[in-house]
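# Turn this into a structure:
(one chain, ligands or ions: 2)
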Amino acid sequence: MHLVRLKDWSSDDVLDAVERAIEVKRNPKQYAQAMVGRSLGLLFQKTSTRTRCAGEVGMAQLGGHALYMDWRSTNFGLADLGDEIRVLSRYVDLIVVRLLHHEDVVRAATAATVPLMNGCCNRYHPMQALADLMTIQESLGRLQGVRLTYVGVLNNVCNSLVAAGLKVGMHVTAVTPEVNAAAEDNELYSQAAAAGLFTRSDDLHGALKRSDVVYTDTWIDMEYFSDPAYEEEKDRRIRLFQPFQLNAALLAGLDLRIMHCLPAHRGYEIDGALLDDPRSIVFDQAENRMHGQKALILKLGGC
Ligand code: CP
Ligand code: NVA
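Ligands and ions are numbered 1, 2, ... in the order given. Below is the predicted model of the structure:
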């Protein structure tokens, strides 16, 4: 079993992963030997703090070994991706890939002979969304019927929230004046909308009033931050999104949880002070990336 995108998972599998994550967080010692003698390979084309650390530390906490590989310092870039993944599958028991293009994640999953997890690509971020569900469950005590408003770019993180919502009965409203073209998944949006669990809206204030959770993400995906060719687009997005910044004035008087997958760009998509607001569950959410990743290692690893 792979985790390429949540759209392909059953509701039962999504709920099982969330329950396991909560259980692993509650009783970490019980799982300290679960992965003895087993290895997790982490192959990254994009940078990372959370996904990498959660994988490496999480696997160590399960008694196993993690092997981090930067795309540029391996031979993945020189050879056929499928061949290299087949070889990696002979060494390790599980694989996490963070690749720029979703098509490459699919190619890797097709070639892998061990379970493979998508650690974020241009279209989806399923491991993030599972940790987000876990965090919402912990904070609100339920998932079904929760109303979440996502504000920002319709991107990989938003897609996985929509897919996650569809599986557990959580409604997502997207206030997204810009769509990352490569991320657009109209089939997913139609499925979620038909289930009454996805709405696109221009009415930010109205959506927030009806929400239990507000969620935002960067206005620019991480691989473009240091790309000089992206400077003009960066400026355009900052101008476009300024009115959609999460800040104290926008959220005044609203009883909702504040979420962000991180890394946050203080003063852009979120005013820095909101990260420390009593309504913020951002750092629990970040911690839960590790419990969530441990649960996925156990689930996909057959434990
Ligand atoms: N949220 C998330 O995936 O963080 P990293 O990019 O640091 O892994
Ligand atoms: N959407 C952003 C953040 C993901 C953690 C990106 O892909 O860079």
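# Get me the contact residues on this structure for ligand 2.
120, 125, 155-157, 217-218, 221-222, 261 (Cβ under 6 Å from any ligand atom). C-beta here means a position set from N, CA and C on the backbone, and glycine is covered the same way.
# pLDDT and secondary structure added to those, as CSV?
Shown next, in CSV, are the residues of the chain next to ligand 2 (pLDDT from 0 to 100; DSSP: H, G, I helix; E, B strand; the rest coil):
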residue, pLDDT, secondary structure
Cys120, 98, coil
His125, 98, coil
Asn155, 98, coil
Asn156, 98, helix
Val157, 98, helix
Asp217, 98, coil
Thr218, 97, coil
Asp221, 88, coil
Met222, 88, helix
Cys261, 98, coil
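# Can I get the buried part of those as one PyMOL selection?
Filtering the residues of the chain next to ligand 2 down to the buried ones (16 or more other Cβ atoms under 10 Å) takes a single PyMOL command:
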select buried, resi 120+125+155+156+157+217+218+221+261
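# I'd like the residues of the chain next to ligand 2 written out as TSV, with distance to Arg289 added.
Converted to TSV, the residues of the chain next to ligand 2 look like this (distance: Cβ to Cβ, whole Å):
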residue	distance to Arg289
Cys120	11
His125	11
Asn155	18
Asn156	15
Val157	13
Asp217	14
Thr218	16
Asp221	18
Met222	15
Cys261	9
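# wait, which of the residues of the chain next to ligand 2 is closest to Thr176?
Asn155 (8.3 Å; Cβ to Cβ).
# The closest one and Phe283: what is the separation?
Remark: distance between Asn155 and Phe283 (Cβ to Cβ, to the nearest Å) = 22 Å.
# same thing with Thr216?
From Thr216 to Phe283 the distance is 15 Å (Cβ to Cβ).
# Neighbour count for these two, which is higher?
Thr216 (26 against 13; other Cβ atoms under 10 Å).
# Quick check: phi and psi at that one.
Per-residue torsions, Thr216: phi -140, psi 170 (degrees, to the nearest 10).
# residues in the stretch 201-303 of the chain within reach of ligand 1, list them.
261-263.
# and Ala129, how many residues sit next to it?
26.
# my read is it is in a helix, agree?
Yes: under DSSP: H, G, I helix; E, B strand; the rest coil, Ala129 falls within a helix.
# could you pull out the helices for the chain?
Taking DSSP state H to define them, one finds helices in the chain at 11-26, 50-61, 81-91, 102-111, 126-140, 156-168, 186-194, 204-209, 231-241, 248-251, 282-300.
# Those: lowest mean pLDDT?
Mean pLDDT values for the helices of the chain show the minimum at helix 231-241, a mean of 93.
# In CSV, list the C-alpha atoms belonging to it.
Taking C-alpha atoms only, helix 231-241 is exported to CSV below (Å, rounded to 0.1, in the frame of the first residue of the first chain):
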residue,chain,number,x,y,z
GLU,A,231,10.7,37.9,-8.5
GLU,A,232,8.0,39.7,-10.5
GLU,A,233,5.4,36.9,-9.8
LYS,A,234,6.4,37.1,-6.1
ASP,A,235,5.6,40.9,-6.1
ARG,A,236,2.3,40.3,-7.9
ARG,A,237,1.2,37.7,-5.4
ILE,A,238,2.1,39.8,-2.4
ARG,A,239,-0.1,42.6,-3.8
LEU,A,240,-2.9,40.3,-4.7
PHE,A,241,-3.0,38.4,-1.4
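# Going forward, count from 10.
In the new count, where the first residue is 10, that last one comes out as helix 240-250.
# tell me the contacts of His286?
For residue 286 the amino acid is Asp, not His. Residues in contact with Asp286 (Cβ atoms under 8 Å, 6 or more residues apart in numbering) are 257, 260, 267.
# neighbour-wise, which of these leads?
The most crowded member of the contacts of Asp286, judged by other Cβ under 10 Å, is Ile267 (21 neighbours).
# And it, how close does it get to Arg288?
5 Å.
# what sits in contact with each of those two?
Leu260.
# Next, count neighbours for Ile31.
Neighbour count of Ile31, defined by other Cβ under 10 Å: 17.
# repeat for Pro287
6.
# again with Arg116
Applying other Cβ under 10 Å, we find 17 residues neighbouring Arg116.
# Could you find the closest non-adjacent residue to it?
Once flanking residues are discounted, Arg116 sits nearest to Leu90: 5.3 Å by Cβ to Cβ, 6 or more residues apart in numbering.
# and that neighbour, how many neighbours?
Applying other Cβ under 10 Å, we find 19 residues neighbouring Leu90.
# Now the spatially most central residue of the chain. Nearest residue, chain neighbours left out?
Nearest to the geometric centre of the chain sits Gln137, at 2.3 Å (Cα atoms, centre = their mean). Once flanking residues are discounted, Gln137 sits nearest to Cys270: 5.1 Å by Cβ to Cβ, 6+ apart.
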